[in-house]
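J.: Fold the following.
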Amino acid sequence: MLIVALLRCTDLRAEVDPLTGAVSRDPRTASLSAADAAALEHALRIADTWGGRVLALTAGGPEADGPLREALALGAEVRRVPLHSSYIEELAVDERSLAKLVVSALGENRPDLVLCADRSADRGTGALPAFVAHELGVVQAPGLVALQVEGDQLVAERRLDFGRRERMRVPLPAVCSVEGAGVRLRRASLPASLAAANATIPLVDVALPASPVRVVQARPTRPRPRHLPAPTGTSRERLLALTGALLSHEPPTVVGPVGAAEAADALLDFLVRHGYLSEARTGWAVP
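T.: Numbers count the residues shown, from 1 in each chain. Okay, here's the model as predicted:
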């Protein structure tokens with residue numbers, strides 16, 4: 001029996017510059033989220049019960065090698081699909097293309113069970129398990145809080161509204177996504193950790209399918225502040241300069257009634273006039 005744990009290894013404390021929108025990650029702090037760690041622990045428990053083997057698979061850069069070595073120390077096979085792109089472009093990859101990528105990395109070895117997190121710590125869409133189940137042509141059990149083996153059957157428990165729980169038997173093969181609750185990842189022994197510390201992570205070079213999403217550039221969530229010179233003169237003159245009491249102000253502009261295209265042009269002209277845009281945009285499609 002082959003049990004695949006799809007993991008997302010990323011920096012859980014990535015910093016985003018509010019002015020430039022640049023994302024900075026530290027490869028030394030890349031780790032598994034609570035949900036990814038729970039998926040790996042469930043895979044190890046089920047493999048121990050049914051005598052199967054666990055394959056920890058992830059798609060990402062070299063920063064994922066550290067968490068994969070931890071999975072290797074726990075007795076799992078590991079494999080990484082390299083993504084040759086920036087972090088922003090990696091986040092923009094749609095979930096269906098990512099699902100095709102990881103399924104292609106499995107090759108002819110079709111898994112009996114795929115376990116993954118219900119949602120990743122950085123992407124957070126929760127759509128990957130459904131696309132993986134579609135690519136494999138198997139059933140899906142989403143949002144599980146408990147997963148256990150009863151004889152030759154897999155019993156799952158899912159959280160419902162109003163404090164209710166749903167118990168169901170999952171037919172194999174299947175894709176199960178779990179929450180990061182109720183399960184903690186076991187610790188590897190010291191000899192196993194030392195043996196896996198410098199292990200080489202096998203790479204599977206699979207071409208990423210074409211994505212309909214294309215990242216042009218990363219922009220800040222708010223415009224940059226403009227630098228204005230400090231007022232000079234006496235206290236009264238500085239106060240008047242700061243409040244603008246003696247300055248002539250632009251009267252309010254009334255736009256309308258006009259069509260959507262004319263209103264959009266007036267808004268863009270206002271942003272250019274006040275320095276929020278460097279130049280007027282042309283060719284905007286207005287529905």
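J.: list the buried ones in stretch 162-181?
T.: Neighbour-count burial for stretch 162-181, with 16 or more other C-beta atoms under 10 Å as criterion, is recorded at 170, 173, 174, 175, 176, 177, 178, 179, 180. (C-beta placed from N, C-alpha, C; glycine too.)
J.: Could you point out the helix or strand that follows the helix or strand hosting residue 145?
T.: Secondary structure from DSSP states H and E places residue 145 in strand 139-150. Sequence order places strand 153-159 as the next helix or strand after strand 139-150, per DSSP H and E.
J.: strand partners of that next one, parallel vs antiparallel please.
T.: strand 139-150 (antiparallel), strand 165-170 (antiparallel) (DSSP bridges).
J.: and that strand, average pLDDT?
T.: Strand 153-159 shows a mean pLDDT of 89 in the predicted model.
J.: do the same with stretch 189-202
T.: In this model, stretch 189-202 has an average pLDDT of 90.
J.: one step back: show residues contacting the strand holding residue 145.
T.: 42, 45-46, 49-50, 115, 118, 126, 129-130, 133, 154-159, 165, 168, 170-171, 173-179, 181-182 (C-beta atoms under 8 Å, 6 or more residues apart in numbering).
J.: Looking at those, which are in helices?
T.: 42, 45, 46, 49, 50, 129, 130, 133 (DSSP state H).
J.: So what does the nearest residue to residue 64 once chain neighbours are set aside look like in phi/psi?
T.: Nearest residue to residue 64, sequence neighbours excluded (C-beta to C-beta, 6 or more residues apart in numbering): residue 9, at 3.6 Å. When read as degrees, to the nearest 10, the backbone of residue 9 gives phi -110, psi 120.
J.: In this structure residue 9 contacts residue 58, no?
T.: Yes - with contact defined as C-beta atoms under 8 Å, residue 9 reaches residue 58; the gap is 5.3 Å.
J.: Need the overlap of contacts for the two.
T.: In contact with both residue 9 and residue 58: 64, 67, 68, using C-beta under 8 Å, 6+ apart.
J.: Just give me the closest of these to residue 244.
T.: residue 64 (54.1 Å; C-beta to C-beta).
J.: OK, contacts around that closest one?
T.: Neighbouring residues of residue 64 by C-beta under 8 Å, 6+ apart: 7, 9, 10, 30, 58, 80, 201.
J.: The second one - how many residues pack around it?
T.: Think residue 9. Per other C-beta atoms under 10 Å, the neighbour tally for residue 9 reads 27.
J.: List the beta-bridge partners for it.
T.: residue 32.
J.: how far away is it from residue 261?
T.: Applying C-beta to C-beta, to the nearest Å, the value for residue 9 to residue 261 is 47 Å.
J.: that older thread, would you check which pair of the ones in helices among the contacts of strand 139-150 lies furthest apart?
T.: 49 and 130 (26.5 Å).
J.: More neighbours: the two, which one.
T.: A side-by-side neighbour count of residue 49 and residue 130, using other C-beta under 10 Å, places residue 130 first with 16 against 13.
J.: And that one, what's its pLDDT?
T.: On the pLDDT scale, residue 130 is placed at 89.
J.: And it, how far from residue 122?
T.: Taken as C-beta to C-beta, the span from residue 130 to residue 122 is 19 Å.
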